[in-house]
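K.L.:
just coords:
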C-alpha cells in the first residue's frame, strides 16, 4: 500500500484510483455507522476521497495513511451531520417491534432496535467515537490519532458517550414501561 500512496502523492491518478477502490467500501461502512443515513454516508465518503486526493501530497509519513484517511472521513461525517441539523431533517429509520413477543429471535431484533434508537440519539461526534473504538476495535491511541485528540480525551469521551447511551436506553425502557401501564 505504501507504494500506491507514494505513487499517488507523485500525482499518479491510477495509483490513487486503486487506493480509492481499496478503501471506498470501508470508508462507506464507517460513514454509514456514524451518520446512519446511506445517502449522507455516500456524500461523506466522496467528500473524504476528494479531500484525500487534494491533500495527499501533504502527508509526510506514508505509514500513517490509514489513520490520516479515517480522520478525513470522520471530519467529513461531522460536516454532513452539521448539514443535517442545519436542514432540520429528522428521520428514524428503525421500525418498532412489539417487545412482548415470545420469539427469542425477534427479541434479539428488539434489543438491536433499542440499541439502534439509543445510538441514533447520540451526536455524530459521539457516534464516531463509539464506531472507532468499539465497532472497528481501534485501540485508544489509534482512536485518538484518527480523531486528532489526546488519548485522555478519547478515554473521557468514551466514558461520556457510553453513559449517554446508557441513559437513553434506560429512559426508553422507563417510557416503554409507563406506556404499558407498569410502574417505572
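P.N.:
Received the coordinates, thanks. Note that this is a predicted model, so its numbers are computed, not measured.

K.L.:
please make it C-alpha for all contacts and neighbour counts, starting now.
P.N.:
OK.

K.L.:
surely residue 34 meets residue 124?
P.N.:
Yes - the criterion here is Cα atoms under 8 Å, and residue 34 meets it with residue 124 at 6.1 Å.

K.L.:
what about residue 129, how many residues close to it?
P.N.:
For residue 129, the neighbour count with other Cα atoms under 10 Å is 22.

K.L.:
before we move on, back to that, now do the shared contacts for residue 34 and residue 124.
P.N.:
Each of residue 77 lies in contact with both residue 34 and residue 124 under the rule Cα atoms under 8 Å, 6 or more residues apart in numbering.

K.L.:
low-confidence ranges in this protein?
P.N.:
Along the chain, segments meeting pLDDT under 70 span 85-112, 181-184.

K.L.:
what about 50?
P.N.:
Low-confidence segments of the chain, defined by pLDDT under 50, span residues 88-107.

K.L.:
quick check: domain ranges of it?
P.N.:
1-91, 94-184 (automatic domain parsing).

K.L.:
now, of these, which is deepest in the fold?
P.N.:
Sort the domains of the chain by mean neighbour count, taking mean count of other Cα atoms under 10 Å, and domain 1-91 sits at the top with a mean of 17.

K.L.:
distance check, the closest residue to residue 62 other than its chain neighbours against residue 51.
P.N.:
Taking Cα to Cα, 6 or more residues apart in numbering, and ignoring the residues beside it in sequence, residue 62 has residue 2 as its nearest neighbour in space, at 6.0 Å. Relative to residue 51, residue 2 is positioned 19 Å away (Cα to Cα, to the nearest Å).

K.L.:
next: residue 155.
P.N.:
According to Cα to Cα, residue 155 and residue 51 sit 28 Å apart.

K.L.:
so what's the most centrally placed residue in the chain up against?
P.N.:
By Cα atoms, centre = their mean, the mean C-alpha position of the chain lies nearest to residue 34, the distance being 2.4 Å. Residue 34 makes contacts with 77, 124, 127-128, 131, as judged by Cα under 8 Å, 6+ apart.
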